[in-house]
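> I would like the atomic coordinates for the input below:
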Amino acid sequence: MATATEDYTAYVEESWTRLFRTAYALTGDVTAADDLMQATLVKVFVSWRKVRKADSVDAYVRRVMVNQAASTWRSRTRRAEVLTAEPRVAATDGPVHDPDGEDELWALIHELPARQRAVLVLRYYEDLSEQEIAQALDIAPGTVKSQASAAIVKLRDRLMPVQVERGQA
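Residues are numbered from 1 along each chain as shown. Predicted structure coming up:
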């Protein structure tokens, strides 16, 4: 039988790419996603004995990640970090963002308020149900629906003028 540390290590190795993509989708920045991953994985490791008994380890870890991201978004007084060397590139199995070149859409998603961004990422990127999102964010399912709706309206309003300018409407 594997020790808790071996079990944790196996989980992280298996889930790293998927978790990093979610972190990137939440933050929009490789460095911020790496920081979010590290903070999340430290918290998960400390509670691993409890985490691995959860009905869904992925759901538990996702909730820790979203909560950690929300804490970071709330503390807007973060100091700017100064790079002293080239940042390392995070290892992934493929593109971190949409492979169809939807960078413009991702830029607009990252301008949304934190909760709306989290709802869209969990719904359309992680493909979670409204109930699963509500549990992950500790909000009511109705709030998930209203946040998703408001986010889509904002995206549509911001994206449509761009498409009209390009003659795509």
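> Run through the helices of the chain in chain order.
Here the chain has its helices, by DSSP state H, at 4-27, 30-46, 48-51, 57-74, 103-109, 114-120, 130-137, 141-165.
> count of neighbours near the closest residue to A54 other than its chain neighbours?
Of all residues not flanking A54 in the chain, Y60 sits nearest, at 4.3 Å (C-beta to C-beta, 6 or more residues apart in numbering). (C-beta placed from N, C-alpha, C; glycine too.) Using other C-beta atoms under 10 Å, Y60 has 19 other residues around it.
> gap between Y60 and S149?
Counting by C-beta to C-beta, to the nearest Å, the gap from Y60 to S149 is 27 Å.
> Stretch 149-159: which residues count as buried?
Buried residues in stretch 149-159, counted by 16 or more other C-beta atoms under 10 Å: 151-152, 154-155, 158.
> quick one: average pLDDT of it?
What stretch 149-159 shows for mean pLDDT is 88.
> So this protein: which segments form each domain?
The record's domain split for the chain, according to automatic domain parsing, is 1-96, 98-169.
> how much distance is there from the first one to the middle of the chain?
Relative to the centre of its chain, domain 1-96 is centred 9 Å away, using C-alpha atoms, centre = their mean, to the nearest Å.
> For L112, which residues are in contact?
Applying C-beta atoms under 8 Å, 6 or more residues apart in numbering, we find L112 in contact with 120, 151, 154-155.
> Having no further points to raise, I will conclude here.
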